[in-house]
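**Student:** Quick one: sequence plus predicted model below, questions after.
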Amino acid sequence: MNIKAVTRAARILKNMPRTGWLQKEIPLYVAETVAEHTFEVALISLSFALELEDRINIGKVLTMAIVHDLSESVLGDTPKALTERLSERIKHEIESETIENITGSEEIRKIFEEYAGGESLEAKIVKTSDKLSTILQAKSYKSMGYKVNEIIETTRNELVKTLKQIEDKNIVEIVYSLIE
């Protein structure tokens, strides 16, 4: 593991606002950073993983949650419109390579690729946590008067698709109770 590069990446992410919030005219001093988002995703993911601990690899869940946006320290927080033009596949290939360059770890790259593929229970839990975190933050901004309905609706639709793949009814109920 390249501790120096990972530390540098973490410091960058602590000061990098998420692009979607800036595009919705949320001021820099209010906008959630990538690191703040990652921290929340990791905590939500851990909570869900503990609910499923007999069926899930908690260490892998935490690794996915922590590194899911790590490449943004080099690539920036890619706007959704650009991702749609590039394609998810190309974006994930670039992110995967960048994560391995930062961490110096092929194992972490493989865990990120598992996350990006979204097939394993671990990946589904982290993707659910990622979308849930975004919706909760957007709802907070909406309560402050910011116009984030588009982010809420789009992310909610993505979340619903992911939830359909999770067989644990308790997790699904918890998520819906949090976003309603």
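**Tutor:** It's in.
**Student:** Contacts only, for Lys60.
**Tutor:** Residues in contact with Lys60, defined by CB atoms under 8 Å, 6 or more residues apart in numbering, are 111, 114, 122. All C-beta atoms are positioned from the backbone trio N, CA, C, and that covers glycine.
**Student:** ok, now how distant is Trp21 from Thr78?
**Tutor:** 14 Å (CB to CB, to the nearest Å).
**Student:** nope, Thr155 is what I meant
**Tutor:** For Thr155, the distance to Thr78 - CB to CB - is 15 Å.
**Student:** higher neighbour count, those two?
**Tutor:** Using other CB atoms under 10 Å as the criterion, Thr155 and Thr78 rank with Thr155 on top: 23 against 16.
**Student:** and after the one helix or strand that one maps to, which helix or strand comes next?
**Tutor:** Assessed by DSSP states H and E, Thr155 sits inside helix 149-163. Using DSSP H and E, the helix or strand that follows helix 149-163 in sequence is helix 169-179.
**Student:** how about that following helix as CSV, C-alpha atoms only?
**Tutor:** The C-alpha trace of helix 169-179 is given here as CSV (Å, rounded to 0.1, in the frame of the first residue of the first chain):
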residue,chain,number,x,y,z
LYS,A,169,-36.4,-7.1,3.6
ASN,A,170,-35.2,-5.5,6.8
ILE,A,171,-32.5,-3.5,4.9
VAL,A,172,-35.0,-2.5,2.2
GLU,A,173,-37.5,-1.3,4.9
ILE,A,174,-34.9,0.7,6.7
VAL,A,175,-33.8,2.4,3.5
TYR,A,176,-37.4,3.3,2.5
SER,A,177,-38.1,4.6,6.1
LEU,A,178,-35.1,6.9,5.8
ILE,A,179,-36.0,8.4,2.4
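**Student:** mind listing what's buried in that helix?
**Tutor:** For helix 169-179, a neighbour-count test (16 or more other CB atoms under 10 Å) marks 171, 174-175, 179 as buried.
**Student:** what's next to the worst-scoring helix or strand of the chain on mean pLDDT, contact-wise?
**Tutor:** Across the helices and strands of the chain, mean confidence by mean pLDDT, DSSP states H and E is lowest for helix 80-86: a mean of 80. The contact list for helix 80-86, computed with CB under 8 Å, 6+ apart, reads 20, 78, 91, 154.
**Student:** Following the chain onward from that helix, which element is next?
**Tutor:** helix 88-103.
**Student:** Please pull up the helix or strand immediately following that next one.
**Tutor:** Using DSSP H and E, the next helix or strand after helix 88-103 towards the C-terminus is helix 106-117.
**Student:** Which elements pack onto that next one?
**Tutor:** Contact partners of helix 106-117 among helices and strands, from 3 or more CB pairs under 8 Å, 6 or more residues apart in numbering; DSSP states H and E: helix 58-67, helix 88-103, helix 121-143.
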